[in-house]
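> 3D model of this:
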Amino acid sequence: MEKERYIVHVDMDAFFASVEQRDNPTYLGKPVIVGSDPKSGHGRGVVSTCSYEARKWGVHSAMPISIAYRQCPSAIFLPVDMEKYSRVSSQIFEILGYFTPCVEQVSIDEAFLDMSDTYSLFGSPLDACRAIKDRIKKEAGLTASVGLAPTKMAAKIASGLSKPDGLLEVKKEKVLSFLHPLDVEKLWGVGKKTKTLLNGFGIVTIGDLAKRSRKELKGLLGKNGEWLWEMSQGIDTSEVSTEREVKSISNEITFEKDTADTKLILAELSYLCEQVSDRLRAESFKCRTVTLKIRFENFETHTRSLTLDEQTNFAEALIKTVRELFSEFSAAERKVRLVGVRASNLYCADEISLFPDKNDARKEKLSKTVAIIRSKFGSDSILRASSRKR
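As a prediction, the model looks like this:
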C-alpha cells in the first residue's frame, strides 16, 4: 500500500509587522506598515509587509509606499529591520525542526514540513499541527497559519485560506472537492496574465480547468498547461526538500527622484553589480545569466537578460553586460524610477576553472582583497570610479 503523506505548510501571519507589534505593545490593534520611509506621501520605496489592521485600508505588500501613505496616513510606518526578523525566523525554524527533520524553507517566514513519519509522536496529524501553532505562539509570541494536506499544493492553499492564525486540514479523499470550487488563480503558476487567458476560454475555477483535457491545456499553455492540469486533478508528487537551492542573487535600488540622467543610472548600476559580485563570491557562486531590471516613472517595468559564454563573478563582467543591456533603453525619453541587477544560472565556483589565465588570476586576487575590505569596513568603503559615491 502507498504510504499516507501528511504535508504541512506553515506561514507566519504578517511576519515583519507582527514582530514589531509583539515588541512594542502600543502598536497592537493599529495599522503598522513596514517598508521604506513614506516621506509624507513622497517616498520612493514599497511596502514590505503590513499588519491586518492596515490591510483593511487596502494596503498590501509591494504597494508603492507613497500610495500606502495616501491610503492610510494614520498608520505607523517602520523601517525594515532584517537582522531582527532573521533572528526570529531562526527561532521559528528551530521550533519546526523539533516536529520533523524534513523541513523545507520557502522564505524567511514560510515552510513546508513532511510529517508522514513523525506526526504519531504528537498524536494525530492534526494534533501535530495544533502543537506547532501552540509552540510558536508560546515561545515566539507570534501566530502562524497552517495547512495540512496530502500534497504541497493543497497544503499551501489551505494555509492561505485559514489566515490569520488558522488551521485547515484537507483529507486525501477531499482534495478534489476542496480544490475545484476555488478560483483558478489559487494554483501556483497562475498569475494575472494566465488567469486572464484562462478566463477568456471559460476557465474560472480549478474545477473548470479539471474538465479540460491535458492535450487542450498543453496546446494553450505548453508544458505549464500539462502541469496545471495535473494540479487540478490533485496530482502533486513533489517532495519536501530539506536543501534550499539558491537560484539567483540580485540587488535593486529606487531613485530618490525619477531620473533621465544616464550617467547617474549607469553609476548606480555599476554599484549594484559590485554588490551582486560580492554576494556571488561570498556564497561561492559564478553566474552565466545577467538580467537588468528597469522601472519607468509610470511603473512600467521591463527586464532584459543575456547569457554569457563563460561563468563569472567578476564585477567588471557584470558591469559590461548590464551596460550593454541598458543601451537598449538609452533612446527612451521616459524617466527611470528603479533599476536592478540579477545574476542567475548559478554554478558552484569550486566546480569550475577559476583561473583560465594569469589575467583572471590577478583579477581574482584583487576581487578577494576588495571583498575583504568591504566586509570589514562596509560596502561603501571602496568603490570603482564608475560607481556613484553613496
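
> domain map for the protein?
7-14+83-175, 15-82, 180-232, 248-377 (automatic domain parsing).

> average pLDDT across the second one?
Per-residue confidence for domain 15-82 averages out to 94 on the pLDDT scale.

> related to what we said a few turns ago, for T242, which of the domains of the chain is the nearest?
Checking those against T242 by CB to CB gives domain 7-14+83-175 as the closest, at 6.0 Å. Backbone N, C-alpha and C define where each C-beta goes, glycine included.

> how far out from the middle of the chain is that closest one?
18 Å (CA atoms, centre = their mean, to the nearest Å).

> please renumber the chain so that the first residue is 429 from this point on.
With 429 as the first residue, the last one maps to domain 435-442+511-603.

> can you classify the spatially closest residue to I536 that is not a sequence neighbour by secondary structure?
Closest residue to I536 apart from its sequence neighbours, by CB to CB, 6 or more residues apart in numbering: S517 at 4.7 Å. Recorded secondary structure, S517: helix (DSSP: H, G, I helix; E, B strand; the rest coil).

> for S517, what are its contacts?
F443, I536, D537 (CB atoms under 8 Å, 6 or more residues apart in numbering).

> please apply the same query to L607.
A582, I585, K614, I634, G635, A638, S660, G662.

> how about W655?
Contacts of W655 by CB under 8 Å, 6+ apart are G617.

> in what helix or strand does it lie?
helix 651-660 (DSSP states H and E).

> next, the buried residues of the helix or strand just after that helix.
Next along the chain after helix 651-660, taking DSSP H and E as the criterion, comes strand 676-687. Across strand 676-687, burial judged by 16 or more other CB atoms under 10 Å covers I677, N679, I681, T682, F683, D686, T687.

> which of those lies closest to Q449?
Distance to Q449 across those (CB to CB) is lowest for T682, with 26.2 Å.

> the closest one is in contact with L766, isn't it?
Yes - when contacts are counted by CB atoms under 8 Å, T682 is listed as touching L766 (4.6 Å).

> now do R751 against L649, distance only.
35 Å (CB to CB, to the nearest Å).

> just to revisit the earlier point, turn the domains of the chain into TSV, columns for distance to T670.
TSV is the format used below for those (distance: least, CB to CB, whole Å):
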stretch	distance to T670
domain 435-442+511-603	6
domain 443-510	22
domain 608-660	20
domain 676-805	18
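
> returning to that earlier point: buried residues in the helix holding W655?
G653, W655, L656, W657, E658, M659, S660.

> quick one: the strands in the stretch 479-628 of the chain?
504-506, 531-535, 538-542, 572-577, 595-597 (DSSP state E, counting those that start in this stretch).

> related to what we said a few turns ago, average pLDDT for the helix holding W655?
Mean predicted lDDT for helix 651-660 stands at 91.

> CA atoms only: put it into PDB for me.
Taking Å, rounded to 0.1, in the frame of the first residue of the first chain, the C-alpha atoms of helix 651-660 are listed here in PDB:
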ATOM      1  CA  LYS A 651       4.300  22.300 -20.600                       C
ATOM      2  CA  ASN A 652       2.900  24.600 -18.000                       C
ATOM      3  CA  GLY A 653      -0.600  23.700 -19.200                       C
ATOM      4  CA  GLU A 654       0.100  20.000 -18.600                       C
ATOM      5  CA  TRP A 655       1.400  20.700 -15.100                       C
ATOM      6  CA  LEU A 656      -1.700  22.800 -14.300                       C
ATOM      7  CA  TRP A 657      -3.900  20.000 -15.500                       C
ATOM      8  CA  GLU A 658      -2.200  17.600 -13.100                       C
ATOM      9  CA  MET A 659      -2.600  20.100 -10.200                       C
ATOM     10  CA  SER A 660      -6.300  20.400 -11.000                       C
END
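
> and that helix, how far out from the chain's middle?
Distance, stretch centre to chain centre, for helix 651-660: 23 Å (CA atoms, centre = their mean).

> so what touches stretch 548-558?
Outside stretch 548-558, the residues that touch it by CB under 8 Å, 6+ apart are Y434, V436, F527, M543, T546, Y547, A559, V574, L576, L595, E597.

> then stretch 518-529?
438, 440, 531, 533, 537, 539, 541-543, 545-546, 550, 556, 559-560, 563-564, 567-568, 570, 572, 670.

> try it again with 6 Å
V531, A539, L541, M543, T546, I560, R563, I564, A568 (CB atoms under 6 Å, 6 or more residues apart in numbering).

> what is the nearest of the residues you listed to L506?
After measuring the contacts of stretch 518-529 against L506 - CB to CB - the closest member comes out as A568, at 18.8 Å.

> what residue is smack in the middle of the chain?
S535 (6.6 Å; CA atoms, centre = their mean).
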